[in-house]
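# Structure of the sequence below:
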Amino acid sequence: MTARNSLERVLSVLEVFSEDRLEWTPEQLMEELGYSRPTLYRYLKTLKDAGFLISMPGTGFTLGPKVVEMDYLMRKSDPVILNGQKYLERFVGKYPCAALLVRWYGTRILCVASECSTPDAISSYSRGRPMPLARGAISRSIMAFLPRRQLLPLIEQNLADLRAIGLGETSEAVQDSFRKVRKAGVAIAYGEVTPGVVGIAAPVFDTGKSPIASICLTIPGNDISGNRLDQMAAEIRAAAEAISDELSRRRCDKIEK
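Next comes the predicted model:
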């Protein structure tokens, strides 16, 4: 077994933890992953010694404190957060809303920073909770800007959900909907993720052609009108472009050094 395969097998232990399954016994892990007992226990010891997993006598394994430590370091180092936080604060200072920065990795969409100016939560997906891939403004603001070779498999895999929200009955029709988002530079969704809430999102890029993140504003539908919606969409698009410019400059500066 190569070092890469071994690393992938270790990481697969962490991948099974989710909101629906927060604790696993060794027996459950062996059944889920198909690893032998000696192999699994070797991986569990490695992850436990590193702080990625913890366990108590007579209980299963759960995620450990190293995850929290790395989360803290990410907040201090992620350029999307460092360059985008001021825009979140600006939006919540101006509107009764939640403002979010969302990272795209693999096939997952995850909030990495957020601010809120309302007493009640108006986003169903708080920081760290994976979001639906085929619903909401955030999803569309990212999917619409993906290269065709990357986009088409995602459309096929999520076509039922995309149909359900009215983006089209076929892959071609969905692509037409995404082309409109690309032209506008911003995606708007009405109550697709959180009932009664309007989401407005725009993609964030670094130096590449594919989006790496999205900035989004969510606001109760009764607090928004046509003209105000247009204004907010323009502000979100401008913030996304400004963050993208900063990330691009940062990348170029590092290359020159």
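
# tell me what the helix or strand containing Asp230 is packed against?
Element membership for Asp230, per DSSP states H and E: helix 226-256. Helices and strands touching helix 226-256, as assessed by 3 or more CB pairs under 8 Å, 6 or more residues apart in numbering; DSSP states H and E, comprise helix 79-94, strand 197-204, strand 213-220. Quick note: C-beta positions are derived from backbone N, CA and C, even for glycine.

# Pull the distance from that helix to the chain's centre.
Its chain's average C-alpha position is 18 Å from that of helix 226-256, according to CA atoms, centre = their mean, to the nearest Å.

# how big is the angle separating that helix from helix 79-94?
Taking axes from the mean of the first three to the mean of the last three CA atoms, to 10 degrees, one finds helix 226-256 and helix 79-94 inclined to each other by 150 degrees.

# Helix 226-256: which residues count as buried?
Applying a neighbour-count criterion of 16 or more other CB atoms under 10 Å, the buried positions in helix 226-256 are 232-233, 235-237, 239-244, 246-247.

# Just send the helices and strands packed on helix 226-256 back as TSV, with mean neighbour count, distance to Arg228 and mean pLDDT too.
Putting the helices and strands packed on helix 226-256 into TSV (neighbours: other CB atoms under 10 Å; distance: least, CB to CB, whole Å; pLDDT from 0 to 100) gives the following:
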stretch	mean neighbour count	distance to Arg228	mean pLDDT
helix 79-94	17	11	96
strand 197-204	27	10	94
strand 213-220	26	9	93
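
# Format these as a markdown table; extra columns: distance to Glu156.
A markdown table is the format used below for the helices and strands packed on helix 226-256 (distance: least, CB to CB, whole Å):
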| stretch | distance to Glu156 |
| --- | --- |
| helix 79-94 | 29 |
| strand 197-204 | 21 |
| strand 213-220 | 22 |
